[in-house]
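> Take this sequence and fold it.
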Amino acid sequence: MLQNVALDQLLLLDIETVPLEADYDHLPEEMKALWSEKITKTLPDSVNGPETFADRAGIYAEFGKIVCISVGLFYIENGSYHLRIKSFFNDDETVVLTEFLELINKLYAKYQRILLCGHNIKEFDIPYICRRAMIKGLNLPIPLQVNNFKPWEQPVIDTMQIWRFGDFRNYTSLKLLAAVMGIPTPKDDIDGSMVAQVYWQEQNLPRIAAYCQKDVLTVAQLILKFKGLPILKEEEVDFVKY
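Residues are numbered from 1 along each chain as shown. The predicted structure follows:
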């Protein structure tokens with residue numbers, strides 16, 4: 001598969017999001033009412049909107065923010081593929097988004113056919129980035145102007161969509177897909193359910209970035225597997241220091 005995809009034109013990405021506030025009580029009164037309305041419609045069985053805020057708010061762009069975007073780029077060295085991974089993270093979401101969007105503009109200027117790549121990014125990461133960028137008044141680079149593309153023309157490769165093979169009832173986590181494809185993954189220091197806690201209680205953004213980078217590496221290994229290529233060795237992965 002993916003025989004027509006050039007690895008050096010892929011921008012692998014993953015984001016980590018948290019609630020806009022540490023807890024429901026810190027929300028403005030208007031947003032409290034809107035949160036209750038939102039959660040009642042999306043989770044009708046939820047009996048207590050305030051109690052769901054800490055666990056659920058981060059997945060909605062209207063009530064959450066991006067604290068980290070990790071990206072990966074393939075390159076060739078000594079005749080073999082290597083991967084360079086970098087993270088943009090900051091308490092100020094505008095800083096994170098601005099740095100990320102600048103990178104996309106630079107890559108698009110170099111490669112007109114830059115492809116964004118990740119797991120479930122069509123349904124989560126990309127819409128979330130676009131919505132938060134709009135909220136912050138930031139201009140979207142052409143590859144992120146998804147409303148201007150026909151569905152089959154979007155410059156996106158989504159490993160979850162590939163694995164579905166047209167079965168849109170199926171959801172497979174990145175961890176499960178890596179396991180069944182025989183891709184070794186490092187033991188996670190945290191999981192997705194812990195990101196908000198690590199952010200708001202521990203204030204440990206580097207820990208969140210390290211977790212985010214692991215997903216980027218796993219996606220890279222999946223792409224290589226899908227293309228029938230050897231997966232990366234440890235010495236072929238370069239983590240750019242913060």
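
> Just to be sure, residue 81 is in a strand?
Yes: assigned with DSSP: H, G, I helix; E, B strand; the rest coil, residue 81 falls within a strand.

> give the contact list for the closest residue to it other than its chain neighbours.
Once flanking residues are discounted, residue 81 sits nearest to residue 74: 5.5 Å by Cβ to Cβ, 6 or more residues apart in numbering. Yep, even glycine has a C-beta here, placed from its N, CA and C like the rest. By Cβ atoms under 8 Å, 6 or more residues apart in numbering, residue 74 lies in contact with 7-8, 10, 81-83, 220.

> switch to 6 Å and redo it
The contact partners of residue 74, by Cβ atoms under 6 Å, 6 or more residues apart in numbering, come to 7-8, 81, 83.

> Please tell me the pLDDT value assigned to it.
The model reports residue 74 with a pLDDT of 97.

> Pick out the most distant pair among the contacts of residue 74.
With Cβ to Cβ as the measure, no two of the contacts of residue 74 lie farther apart than 8 and 83, at 10.9 Å.

> Any regions of this protein where pLDDT drops low?
44-48, 187, 242 (pLDDT under 70).

> Please, where are all the helices along it?
29-42, 49-56, 93-110, 126-135, 159-164, 174-180, 195-197, 205-226 (DSSP state H).

> Identify the residues contacting the shortest one?
Residues lying outside helix 195-197 but in contact with it, judged by Cβ under 6 Å, 6+ apart, are 16, 18-19, 58, 208.

> now do 7 Å
Residues from elsewhere that reach helix 195-197 (Cβ atoms under 7 Å, 6 or more residues apart in numbering): 16, 18-19, 54, 58, 208.

> go on, the fourth one?
Identification of contacts with helix 126-135 by Cβ under 7 Å, 6+ apart yields 15, 17, 61, 65-66, 93, 97, 101, 116, 140, 144, 146, 156.

> can you check the first one too?
Residues external to helix 29-42 that are found in contact with it (Cβ under 7 Å, 6+ apart): 24, 27, 46, 49, 52-53, 56, 60, 63.

> Can you select the buried ones among these for me in PyMOL?
To isolate in PyMOL the members of the contacts of helix 29-42 that are buried, counting by 16 or more other Cβ atoms under 10 Å, one can use:
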select buried, resi 24+27+49+52+53+56+60+63
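
> export the contacts of helix 29-42 to a markdown table and tack on distance to residue 198?
Compiled in a markdown table, the contacts of helix 29-42 are given as follows (distance: Cβ to Cβ, whole Å):
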| residue | distance to residue 198 |
| --- | --- |
| 24 | 19 |
| 27 | 21 |
| 46 | 24 |
| 49 | 24 |
| 52 | 19 |
| 53 | 17 |
| 56 | 17 |
| 60 | 19 |
| 63 | 19 |
